[in-house]
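requesting a structural model of the entry that follows:
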Amino acid sequence: MIHIAPSILAADFSRLGEQVDDAARGGAQRIHVDVMDGHFVPNLSMGPIVVKGLRPRTLLPLEVHLMVEDPAHFISPFLKAGADSIIFHLEVVPQPKELLDQVHGQGKKVGLAINPNMPVDTLEPFLHHLDVALCMTVFPGFGGQPFLPESPERIRRLRELIERCNPACELEVDGGIDHKTVVRAVTAGANVLVAGTSVFGYNQGPAAAVREMRRLVDNPPDQRSTP
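Numbering: from 1, shown residues only. Alright, predicted model coming up:
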């Protein structure tokens, strides 16, 4: 099952709850919350108060992606606010076992992310501890960036490692995922698709954007019947 995870970084925050509801009506399976500290990435975004506000609004899992230099400082506040899963970057915690155990110890899911300049093989020693491995398909910090052309090969390699080490681990991709790149990501092996601008910036609204993305991944062009 391919999961679509709209990233609220691209949402209209003046009507955030409404937009999350709309994405859910379109068939989104989780909501992705991008947290930036202005240090690990050159931007600031949102804190636990956003998760706290969304928690009573939606039944969808809230997935927090910590793009921060010190994830240990943020894990507990986001879990207390209502996050269902935490993803942090291997670049800033090269020995992540303690933090992985901390999240699991509170009954929540946990993942590790890597940026495009980090070899995917660096995730291999930790895959058997993970619920999700996140392969960034842009350099994080800003929404609306184009999907990096080397990403499919990286996704394929990570899929190979996951199948060997922990087939239950999800392979998530984040960055430049839209209605043109989504099939490439899925064909390469991704099964969780983070999409921000292509969902919340879609002319017909988030629900229509998610439904169209679902149609594409369920019926990729190379599998459609031809006349």
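
ok, now how distant is the residue lying closest to Leu123 once chain neighbours are set aside from Val182?
Among residues not flanking Leu123 along the chain, Ala133 sits closest, at 5.5 Å (CB to CB, 6 or more residues apart in numbering). The C-beta positions use only the backbone N, C-alpha and C, and glycine is treated the same way. Separation of Ala133 from Val182 (CB to CB, to the nearest Å): 18 Å.

neighbour count: those two, which is higher?
Set Ala133 next to Val182 and count neighbours by other CB atoms under 10 Å: Ala133 wins out with 28 against 25.

gap between the closest residue to Glu172 other than its chain neighbours and Ala133?
Leaving aside its chain neighbours, Glu172 sits nearest to Val192 (3.8 Å; criterion: CB to CB, 6+ apart). Noted for Val192: a distance of 10 Å to Ala133, by CB to CB.

between those two, what contacts are shared?
170-172 (CB atoms under 8 Å, 6 or more residues apart in numbering).

most surrounded residue in these?
For these, counting by other CB under 10 Å, the largest number of neighbours falls to Glu172: 28 neighbours.

residues in contact with that one?
Glu172 neighbours (CB under 8 Å, 6+ apart): 5, 87, 111, 132-135, 190-194.

can you flag the buried ones in those?
When the contacts of Glu172 are checked for burial by 16 or more other CB atoms under 10 Å, the buried set is 5, 87, 111, 132-135, 190-194.

secondary structure added to those residues, as a markdown table?
A markdown table is the format used below for the buried ones among the contacts of Glu172 (DSSP: H, G, I helix; E, B strand; the rest coil):
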| residue | secondary structure |
| --- | --- |
| Ala5 | strand |
| Ile87 | strand |
| Gly111 | strand |
| Val132 | strand |
| Ala133 | strand |
| Leu134 | strand |
| Cys135 | strand |
| Ala190 | coil |
| Asn191 | coil |
| Val192 | strand |
| Leu193 | strand |
| Val194 | strand |
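
with distance to Ala24 and pLDDT added, can I get these in JSON lines?
Shown next, in JSON lines, are the buried ones among the contacts of Glu172 (distance: CB to CB, whole Å; pLDDT from 0 to 100):
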{"residue": "Ala5", "distance to Ala24": "12", "pLDDT": "98"}
{"residue": "Ile87", "distance to Ala24": "20", "pLDDT": "98"}
{"residue": "Gly111", "distance to Ala24": "21", "pLDDT": "98"}
{"residue": "Val132", "distance to Ala24": "20", "pLDDT": "98"}
{"residue": "Ala133", "distance to Ala24": "25", "pLDDT": "98"}
{"residue": "Leu134", "distance to Ala24": "22", "pLDDT": "98"}
{"residue": "Cys135", "distance to Ala24": "25", "pLDDT": "98"}
{"residue": "Ala190", "distance to Ala24": "21", "pLDDT": "98"}
{"residue": "Asn191", "distance to Ala24": "19", "pLDDT": "98"}
{"residue": "Val192", "distance to Ala24": "16", "pLDDT": "98"}
{"residue": "Leu193", "distance to Ala24": "16", "pLDDT": "98"}
{"residue": "Val194", "distance to Ala24": "16", "pLDDT": "98"}
